[in-house]
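[1] attaching a predicted model along with its sequence, questions to come.
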Amino acid sequence: MKILKKVLLVLLVLFVIAQFFGPEKNDGDLASLEPFLMETYPPADVKEILKTTCFDCHSNKTIYPWYDKITPVNYWLADHIKDGKKHLNFSTWNEYSMKRKEHKMDELHEEVEEREMPLNSYTWTHANANLTQEQIDAVVAWGKRVQMEYKLKMQPE
């Protein structure tokens with residue numbers, strides 16, 4: 001029993017010390033989203049959905065929850081954000097080729113329609129990110145419209 005107490009004490013000390021360290025924050029500027037918003041022109045309802053369900057993990061600006069201050073949770077969140085940005089980063093939209101933009105819009109509306117996005121791990125702590133069927137339909141319709149516009153732009157004249 002004495003050994004268990006010592007182990008628990010050591011773990012507690014390590015946990016406290018770990019709180020002084022954390023990963024780099026995703027504290028970019030919301031202005032980085034303007035090229036994407038200006039080019040794809042989402043309706044107001046879709047823009048709000050993107051803001052509450054997508055931008056935290058798929059842009060250079062994350063609004064962090066209170067529990068991000070706790071190590072090791074903050075490292076898990078940082079990895080989650082890094083992975084999300086690897087797949088799609090709305091902040092670097094203007095760097096994508098037309099073909100890549102078309103493909104990303106295809107993936108976007110497909111993932112939302114199939115309820116693969118937003119991730120369950122995100123909606124557990126962000127109740128407003130649980131999309132209704134009406135919201136899903138709005139995002140899918142907008143995504144398909146934008147994807148079609150990109151397809152038309154890529155066709156030779």
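    That came in fine, so what should we check first?
[2] contacting residues for the nearest residue to residue 154 once chain neighbours are set aside?
    Excluding the flanking residues, the one nearest residue 154 by CB to CB, 6 or more residues apart in numbering is residue 98, at 5.4 Å. Heads up, the C-betas are built off the backbone N, CA and C, glycines and all. Residues in contact with residue 98 (CB atoms under 8 Å, 6 or more residues apart in numbering) are 150, 153, 154.
[3] may I see the buried residues of whichever helix in the chain runs longest?
    Determined from DSSP state H, the single longest helix within the chain is helix 133-154. Under the neighbour-count criterion of 16 or more other CB atoms under 10 Å, helix 133-154 has 135, 136, 138, 139, 140, 142, 143, 144, 146, 147, 149, 150 buried.
[4] need the pLDDT of the closest residue to the last one other than its chain neighbours.
    Spelled out, it's residue 150. Leaving aside its sequence neighbours, residue 150 sits nearest to residue 102 (CB to CB, 6+ apart; 3.7 Å). Note on residue 102: pLDDT of 94.
[5] ok, now residue 79?
    On the pLDDT scale, residue 79 gets 81.
[6] residues making contact with the helix or strand where it lies?
    Using DSSP states H and E, residue 79 falls within helix 73-87. Helix 73-87 is contacted by residues 22-24, 26, 56-60, 62, 64, 67-68, 107, 121 when judged by CB under 8 Å, 6+ apart.
[7] how distant is that helix from the center of its chain?
    9 Å (CA atoms, centre = their mean, to the nearest Å).
[8] quick one: the following helix or strand past that helix to helix 133-154, angle?
    For helix 73-87, the succeeding helix or strand toward the C-terminus, using DSSP H and E, is helix 98-113. Counting by axes from the mean of the first three to the mean of the last three CA atoms, to 10 degrees, helix 98-113 lies at 160 degrees to helix 133-154.
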